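Novice: I'll drop the sequence and a predicted model, then ask my questions.
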Amino acid sequence: MMKLQKQEALQMLKKKEKTEYIIKKTKEKRQKKKQQNSDPNKPKKPASSFLLFSKEARKTLMQERQGINNSTLNALISEKRQKKKQQNSDPNKPKKPASSFLLFSKEARKTLMQERQGINNSTLNALISVKWKEKRQKKKQQNSDPNKPKKPASSFLLFSKEARKTLMQERQGINNSTLNALISVKWKELSEEEKNGWNAKAVEAMEAYKKELEEYNKTAAAAAENKQQQ
């Protein structure tokens, strides 16, 4: 039993020595390759402002506090850097204004926290996002002109509209996901000639849309000009 344990221990020791030897050789190869590829005449990248400050602060602190450990030293350097940054910052410099979403979020947060006491943060953020989307949608609807020509559907959407009607007649009670999947399959099954037919319809619709939009823009520009004159 003891002999077997000794053999296992020797095998483990050999494996460990082999692993250490491989790691050592790999490191040596990498270092050698690095030295071969490095150009001694190539200019070195200059140190950042923080590294330059850190170098000077490290010297001073190590003189002032002999025997200081590295973690405390780094913490003190960071603290000194932060203080210097605050001293150099201009208090009169105007701050960047908050975005419209952040302003809305601030107000919505107050209201929701009053209405729903004890609400958790994730639910609160989700509700704020929903309210923001609703507000944007409402604003979009208010600003949209009902007389402005709508962009026409693509060839696939034109085909989809027709295919949807047919499939819903053939398969009553079909669910929406299955319906969409079947439409996609039918579209892929179309021959090149059939697809070209739908593409031609889409091109025709786009040409009509461009003409309508041109007329609309002219009318809108004339109306805006008349409004300014009044």
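Specialist: Great, that's in hand. Numbers count the residues shown, from 1 in each chain.

Novice: quick one: buried residues of the host helix or strand of Q86?
Specialist: Per DSSP states H and E: Q86 is located in helix 70-88. Within helix 70-88, the residues that qualify as buried are 73, 76-77, 80, counting by 16 or more other CB atoms under 10 Å. The C-beta positions use only the backbone N, C-alpha and C, and glycine is treated the same way.

Novice: JSON lines please, covering those and showing pLDDT and distance to E214.
Specialist: Putting the buried residues of helix 70-88 into JSON lines (pLDDT from 0 to 100; distance: CB to CB, whole Å) gives the following:
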{"residue": "L73", "pLDDT": "79", "distance to E214": "71"}
{"residue": "L76", "pLDDT": "82", "distance to E214": "69"}
{"residue": "I77", "pLDDT": "82", "distance to E214": "66"}
{"residue": "K80", "pLDDT": "81", "distance to E214": "65"}
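
Novice: tell me the one of the residues you listed nearest F50?
Specialist: Distances from F50 to the buried residues of helix 70-88, taken as CB to CB, are shortest for I77 (8.9 Å).

Novice: which residues touch the closest one?
Specialist: Taking CB atoms under 8 Å, 6 or more residues apart in numbering, we find I77 in contact with 53-54, 57-58, 61.

Novice: let's see that with 7 Å instead.
Specialist: I77 sits next to 54, 57-58 when contact means CB atoms under 7 Å, 6 or more residues apart in numbering.

Novice: what's next to stretch 53-65, contact-wise?
Specialist: Outside of stretch 53-65, the residues within contact range by CB under 7 Å, 6+ apart are 68, 73, 76-77, 80-81.

Novice: can you give me the mean pLDDT across it?
Specialist: Averaged over stretch 53-65, pLDDT sits at 83.

Novice: and that stretch, what's buried?
Specialist: Buried, per 16+ other CB under 10 Å, within stretch 53-65: 53-54, 57-58, 61.

Novice: then stretch 154-174 to CSV, C-alphas only?
Specialist: Only the C-alpha atoms of stretch 154-174 are listed here, as CSV (Å, rounded to 0.1, in the frame of the first residue of the first chain):
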residue,chain,number,x,y,z
SER,A,154,-43.0,46.7,-50.1
SER,A,155,-43.5,43.8,-52.6
PHE,A,156,-43.5,41.3,-49.7
LEU,A,157,-46.2,43.3,-47.8
LEU,A,158,-48.4,43.5,-50.9
PHE,A,159,-48.1,39.8,-51.4
SER,A,160,-48.6,39.2,-47.6
LYS,A,161,-51.9,41.1,-47.7
GLU,A,162,-53.4,38.9,-50.5
ALA,A,163,-52.0,35.7,-49.1
ARG,A,164,-53.4,36.5,-45.6
LYS,A,165,-56.9,36.9,-47.0
THR,A,166,-56.7,33.5,-48.9
LEU,A,167,-55.3,31.6,-46.0
MET,A,168,-57.8,32.9,-43.5
GLN,A,169,-60.6,31.8,-45.8
GLU,A,170,-59.0,28.4,-46.3
ARG,A,171,-58.1,27.8,-42.6
GLN,A,172,-60.6,29.4,-40.4
GLY,A,173,-59.4,29.9,-36.7
ILE,A,174,-55.7,29.8,-37.7
